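Fold the following.
(one chain, ligands or ions: 1)
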Amino acid sequence: MFSRVLIANRGEIALRIIRACRDLGIESVAVYSEADADAPYLKHADRSVCIGPAPASESYLNIPRIISAAEVTNADAIHPGYGFLAENAHFAEVCRDCRIEFIGPSPEAMGALGDKISCKKLARQAKVPTFPGSEDAIEEEAKAIEVAKKIGYPVIVKASAGGGGRGMRVAHNEAALRAGLKQARQEAQAAFGNGAVYIEKFLEKARHVEVQVIGDKHGNAIHLYERDCSTQRRHQKLIEEAPAPGVDPKKRDEVCKSAARLIKNAEYSGAATVEFLMDEKQNFYLLEVNTRVQVEHPVTEMITGVDIVKTGIRVAAGEPLPYRQRDIKIDGHAIECRINAENWEKGFTPSAGRIERFEPPGGPGVRMDTHVITGYRVPPTYDSMIAKLIVHAPDRKQCIARTSRALREFLIEPIHTTIGLHRELMQNPAFMEGGVDIHFLERLLKKNG
Ligand code: MV4
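Below you'll find the model as predicted:
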């Protein structure tokens, strides 16, 4: 096992990893930018090191500075968390060259699954359902038009690199396809330095169902069941829950086994998420694979009892997975509400500043993952997510009731947060019914002005 792990991240996930290290008896090294110098969670690490000024490019994204921090503190591994360098295969390679263990997949597995064209090829080989579409990157406009004729409109043009909805265009006819192809290629080139695009059939109404998986370095891979993350706005998830409501046991088994098969075939080690879209008949199609621990991992931890962060560290150190698939059982239901420092009633504008009162909820089934305490100043520089409320209960109905109760108790003043929106959502008939689609929240916000 590692003696000392450096955490190349900030905020709630840095604290989550510090806690996992403490649980494992591993020393932790936190890094921070000048904007986070007075962050209260830093004291929970065994050491902390300033790595540069506020802009992420000069701190949390700066590979030489992070590697230097690991070298001066004698860390034997780096945990990237999510965002920043977590899915940067070059960074994973630099870690390897410096003989520092990257807590996550090999650069090869990250590359093979992170590139969506290559990922889709692996999925087809593993008999994981994918959308019909082009098999390779589209070079010629004529090829796109030929494929679109075969699969039928609407189609979607997607960038092979990156993710989160950038470099995507929907086309309902040939003219829109020609334009979309150019735009998607340009956007992808600018955003990711890789202009490769592909096309596939576009599914209008769908749910976002994703499967938590974890592999080790001995060829074992298991799934930890699925989550529904359909309640999102502009590709930012607001609520995630596990298990996904309204998925039949047979379909659940199929989608979860598909995900585990894909990462097993890719010889993947570490935690990953295999994302799918599910249609009204519960047919599912691969979207992409996230080769990192995700924001929403706690809902899976609550229903399975598996500590995903701890397990990820153990497999990175070379230990075999401490679970077999048959050990993993679903216990009840869990919901996560992302609490962002944003004014959701005014277009989700960021709301930074000092938190004068922070009164988190508690009681049975309530978990808070946050680095915030009273007196914390939310810096304007980074992501606006400041806390995650995770609630566990025996079933979905009780989980919603308990989440409502926790949200009533939850007080953050004077900054704006998404707590009020979550209170409304827990009383929304469509949400309460279960199985809302990926356009539900945007439709609701539009309707309510
Ligand atoms: C799609 C799709 C419909 N059909 N692919 C959006 C982000 C990226 N992960 C993939 N995305 C989509 N791919 C096909 N073939 C609709 C979306 C999509 C979406 C997916 C998941 C969650 C929210 C979404 C919001 C809009 C579009």
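
The spatially most central residue of the chain: what's it in contact with?
Nearest residue to the geometric centre of the chain (C-alpha atoms, centre = their mean): residue 294, 3.4 Å. Residues near residue 294 by C-beta atoms under 8 Å, 6 or more residues apart in numbering: 82, 212, 273. For glycine as for every other residue, the C-beta is placed from the backbone atoms N, C-alpha and C.

repeat that with 7 Å
Listed by C-beta atoms under 7 Å, 6 or more residues apart in numbering, the contact set of residue 294 reads 82, 273.

Model confidence for it, exactly?
pLDDT recorded at residue 294 is 98.

how close does the residue sitting furthest away from the middle of the chain get to residue 186?
Largest separation from the mean C-alpha position in the chain: residue 142, at 35.4 Å (C-alpha atoms, centre = their mean). Distance of residue 142 to residue 186, given as C-beta to C-beta, to the nearest Å: 19 Å.

do residue 250 as well
43 Å.

Comparing the two, which residue is more hemmed in?
Set residue 250 next to residue 186 and count neighbours by other C-beta atoms under 10 Å: residue 186 wins out with 13 against 9.

sec struct for the residue nearest to the centre of the chain, please.
What DSSP: H, G, I helix; E, B strand; the rest coil gives for residue 294 is coil.

how close does it sit to the ligand?
In this view, residue 294 and the ligand are 13 Å apart by C-beta to the nearest ligand atom, to the nearest Å.

and the residue in the stretch 301-449 of the chain that the ligand sits nearest to, which of the three is it?
Nearest residue of the stretch 301-449 of the chain to the ligand: residue 438, at 3.9 Å (C-beta to the nearest ligand atom). Here residue 438 is recorded as coil under three-state DSSP.

Spell out the residue ranges of the strands in the stretch 151-300 of the chain.
Assigned by DSSP state E, counting those that start in this stretch, the stretch 151-300 of the chain shows strands spanning 155-159, 168-171, 197-201, 207-215, 221-228, 232-233, 236-237, 239-242, 270-278, 284-290.

The fifth one - contacts with which helices or strands?
The reference is to strand 221-228. If contacts are counted by 3 or more C-beta pairs under 7 Å, 6 or more residues apart in numbering; DSSP states H and E, strand 221-228 sits against strand 207-215, strand 239-242, helix 249-265, helix 297-304.

Let me know which of the ones you listed is tucked in deepest.
Highest mean neighbour count of the helices and strands packed on strand 221-228: strand 239-242, a mean of 28 (counted as mean count of other C-beta atoms under 10 Å).

can I get the CA coordinates of that one in CSV?
C-alpha atoms of strand 239-242 as CSV (Å, rounded to 0.1, in the frame of the first residue of the first chain):
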residue,chain,number,x,y,z
ILE,A,239,-29.8,15.3,-9.0
GLU,A,240,-28.5,11.8,-9.3
GLU,A,241,-30.1,8.7,-7.8
ALA,A,242,-29.5,5.0,-7.4
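
Who are the packing partners of it?
Going by 3+ C-beta pairs under 7 Å, 6+ apart, strand 239-242 lies up against strand 221-228, helix 297-304, strand 333-340.

which residues are contacting stretch 337-345?
So stretch 337-345 is contacted by 237-239, 295, 348-352, 378, 384-389, 403, 415-422 (C-beta under 7 Å, 6+ apart).

and the top helix by length along the chain, anywhere near the ligand?
Ranked by residue count and defined by DSSP state H, the top helix of the chain is helix 174-192. No: interface with the ligand: helix 174-192 contributes nothing (C-beta under 6 Å from any ligand atom), its closest point being 12.2 Å away.

Not counting its neighbours along the chain, what's nearest residue 357?
residue 413 (4.3 Å; C-beta to C-beta, 6 or more residues apart in numbering).

actually residue 369, not the one I typed
Spatial nearest neighbour of residue 369, chain neighbours left out: residue 388 (4.4 Å); criterion: C-beta to C-beta, 6+ apart.

May I have the secondary structure class of that neighbour?
At residue 388 the chain is in strand, as set by three-state DSSP.

swap in the one 4 residues further on?
Three states are possible here, and by three-state DSSP the one that applies to residue 392 is strand.

That one reaches residue 331, doesn't it?
No: using C-beta atoms under 7 Å, residue 392 is not in contact with residue 331; the gap is 8.3 Å.

Which of the two has more residues huddled nearby?
Counted by other C-beta under 10 Å, residue 392 and residue 331 do not tie: residue 392 has more neighbours, with 23 against 11.

Bridge partners for that one, pull those for me.
For residue 392, the beta-bridge partners under DSSP bridges are residue 334.

What does the pLDDT read for it?
For residue 392, pLDDT reads 99.

Please give me every residue in contact with it.
302, 332, 334, 365, 399.

ok, the residue nearest to residue 357 - how many residues close by?
12.

same thing with the one 3 residues further on?
Counted with other C-beta under 10 Å, the neighbours of residue 416 add up to 22.

heads up, I number from 897, so please use that
Taking 897 as the first residue, the last one we looked at is residue 1312.

Residue 1197 touches residue 1207, doesn't it?
No: using C-beta under 7 Å, residue 1197 is not in contact with residue 1207; the gap is 9.7 Å.

now the residue farthest from the centre of the chain: how far from the ligand?
Here residue 1038 is placed at a distance of 21 Å from the ligand (C-beta to the nearest ligand atom).

and that residue, what element?
helix 1037-1047 (DSSP states H and E).

and that helix, what other elements does it pack with?
helix 1070-1088, strand 1093-1097.

which residues sit against the first one?
The reference is to helix 1070-1088. By C-beta under 7 Å, 6+ apart, helix 1070-1088 touches 1034, 1037, 1040-1041, 1044, 1051, 1053-1055, 1057-1058, 1062-1065, 1067, 1090-1091, 1093.

Apply 10 Å and report the result again.
Residues from elsewhere that reach helix 1070-1088, judged by C-beta atoms under 10 Å, 6 or more residues apart in numbering: 1033-1034, 1036-1037, 1039-1041, 1043-1045, 1049-1060, 1062-1068, 1090-1095.

Narrow these to those that are buried.
Buried by 16 or more other C-beta atoms under 10 Å: 1033-1034, 1040-1041, 1043-1044, 1050-1059, 1062-1065, 1067, 1090-1095, out of the contacts of helix 1070-1088.

Now do the closest residue to the ligand within the stretch 1147-1296 of the chain: how many residues are near it, please.
Going by C-beta to the nearest ligand atom, the ligand is nearest to residue 1183 of the stretch 1147-1296 of the chain, at 4.8 Å. For residue 1183, the neighbour count with other C-beta under 10 Å is 23.

If anything else comes up later, I'll come back, but that's it for now.
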